[in-house]
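Chemist: could you look at this predicted model? Sequence included:
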Amino acid sequence: MIKNRLECCDKVFYVIFRLVVGSMFFIHGAQKLFGWFGGKAMAIASLMGVAGIVEVIGGLLIFFGLFTRLAALIAAVEMLFAYFISHFNASTLAGWIPNMNRGEVALLYFASFLILLIYGAGSWSLEKLISKKEHF
């Protein structure tokens, strides 16, 4: 019954999902890259600086629906690296549990990017507006 009521709005919900994920990923990167939103700017040539570049550009591409699948693929790979480099620690029990090793955000982003990778930009995207189809 709930499914039937929600199916009429699935395209709207998906666009909202894409907009939220894209904007939050942009903000995540802007904290690292520019020091905005309470963050601390990192050197561009550092690992965190490169991550910030991927997050800012990827977040904007996802938000606007341009090359969404490609941006989601790159962002998903980055989030896996972020999880295993910065959060996962095989030597302790806490290192295996995302809520204890503070890796839950990286894994939630990873899962979100998998959804975006599968479904693309959706109906309402800049790429479809410009070229009438998705290229990636």
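Modeler: Looks like it came in fine.

Chemist: for the rest of this, base every contact and every neighbour count on C-alpha atoms.
Modeler: Noted.

Chemist: which of the helices or strands spans the nearest residue to A71 once chain neighbours are set aside?
Modeler: Nearest non-adjacent residue to A71, counting by C-alpha to C-alpha, 6 or more residues apart in numbering: G58, 5.1 Å away. G58 belongs to helix 47-64 when assigned by DSSP states H and E.

Chemist: cool, R5 as well?
Modeler: Counting by DSSP H and E, R5 is part of helix 2-7.

Chemist: show residues contacting the top helix by length along the chain.
Modeler: Assignment by DSSP state H gives helix 10-34 as the longest helix of the chain. Helix 10-34 is touched from outside by 36-44, 48-49, 51-64, 109, 112, 116, 121-124, with contacts defined as C-alpha atoms under 8 Å, 6 or more residues apart in numbering.

Chemist: ok now stretch 89-108, how far from the chain's centre?
Modeler: 19 Å (C-alpha atoms, centre = their mean, to the nearest Å).

Chemist: straight-line length of it, end to end?
Modeler: Terminal residues of stretch 89-108 are spaced 18 Å apart (C-alpha to C-alpha, to the nearest Å).
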